[in-house]
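Asks: Test case, fold it:
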Amino acid sequence: LIYYTIYPLLLKLSRLVNWWIIFGIAFVAAYSLVYPANLKTVQYPSFGHLGNSLLGLPCWILGVIAAQGYDAGLKKSVSGTGIWALRLVIVALGTVTRSLAHREVIGQPFTLNLFALVVWFWVAQEVRFYSRHQPSRLLEWGGAWSYSLYLLHMFLLDNISLLPFANPWGYVAWFTKATLALLLSYLFYRAVEWPAHRLARNLARRFRSATLEAKSSG
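Replies: Okay, here's the model as predicted:
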């Protein structure tokens, strides 16, 4: 909510300076927040709402840069072998940074924005790869409602854990909870996100048409 509230201001700022300059400022500001803290601070959200939003701002700005179609400077598509190598690198780095945090060597607040740079590069390559290759329909379908899963999974898992069948069965309970979380996230997508997306697109089309009519009549 904070990011989308300040986005119009950042967009105006981006017309004066490059988005990468804005990212650099946010990056320095984020580390000025976490540097005085204990290096072993494990969890990323450890600084309150405003502090967490400052810490995560560089990651969000990288998302803005990626959404604008920045291609990471590559002139040719990455190969199938190359994209799988990148995926494995991301999994390995994620595992290492997570392990370092939970072993209290260096916490996620300190590794997050560095890891985000690698992720941004990887996402750029995925976009380039699938501009020339057919994506999986199943994964595309899942990706459409993955943000609902992101919003709800912890809330759902915590509350599903209160159900009487949730705890005694070990892996069976985990599979049951995960399945219910996926199902409820999809229902949330159909009930809330999908209608909101349609409304936003319809309003955008109407606004665009009204603007073009006003310009042609003027």
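Asks: Low-confidence bits of this structure, can you list those?
Replies: 36, 69-76, 161-170, 218 (pLDDT under 70).
Asks: Any buried residues in stretch 19-34, and which?
Replies: 19, 22-23, 26-27, 30-31, 33-34 (16 or more other Cβ atoms under 10 Å). (Glycine included, C-beta is placed from N, CA and C.)
Asks: Reformat these into JSON lines and put secondary structure and distance to Gln68 next to each item.
Replies: What follows is the buried residues of stretch 19-34, written out as JSON lines (DSSP: H, G, I helix; E, B strand; the rest coil; distance: Cβ to Cβ, whole Å):
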{"residue": "Trp19", "secondary structure": "helix", "distance to Gln68": "8"}
{"residue": "Ile22", "secondary structure": "helix", "distance to Gln68": "12"}
{"residue": "Phe23", "secondary structure": "helix", "distance to Gln68": "12"}
{"residue": "Ala26", "secondary structure": "helix", "distance to Gln68": "16"}
{"residue": "Phe27", "secondary structure": "helix", "distance to Gln68": "18"}
{"residue": "Ala30", "secondary structure": "helix", "distance to Gln68": "21"}
{"residue": "Tyr31", "secondary structure": "helix", "distance to Gln68": "24"}
{"residue": "Leu33", "secondary structure": "helix", "distance to Gln68": "26"}
{"residue": "Val34", "secondary structure": "helix", "distance to Gln68": "27"}
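Asks: tell me the helices in the protein, going along the chain?
Replies: 2-14, 19-34, 48-67, 80-102, 108-130, 137-144, 146-160, 171-188, 194-217 (DSSP state H).
Asks: Quick one: closest of those helices to Lys40.
Replies: helix 80-102 (8.3 Å; Cβ to Cβ).
Asks: which secondary structure elements does that closest one contact?
Replies: Counting contacts by 3 or more Cβ pairs under 8 Å, 6 or more residues apart in numbering; DSSP states H and E, helix 80-102 packs against helix 108-130.
Asks: Identify each buried residue in the helix it packs on, please.
Replies: Buried residues in helix 108-130, defined by neighbour count with 16+ other Cβ under 10 Å: 108-113, 115-116, 119-125, 127-129.
Asks: now swap in stretch 61-69 and tell me
Replies: For stretch 61-69, burial by neighbour count (16+ other Cβ under 10 Å) applies to 61-62, 64-66.
Asks: just to revisit the earlier point, farthest pair within the buried residues of stretch 19-34?
Replies: Trp19 and Val34 (22.4 Å).
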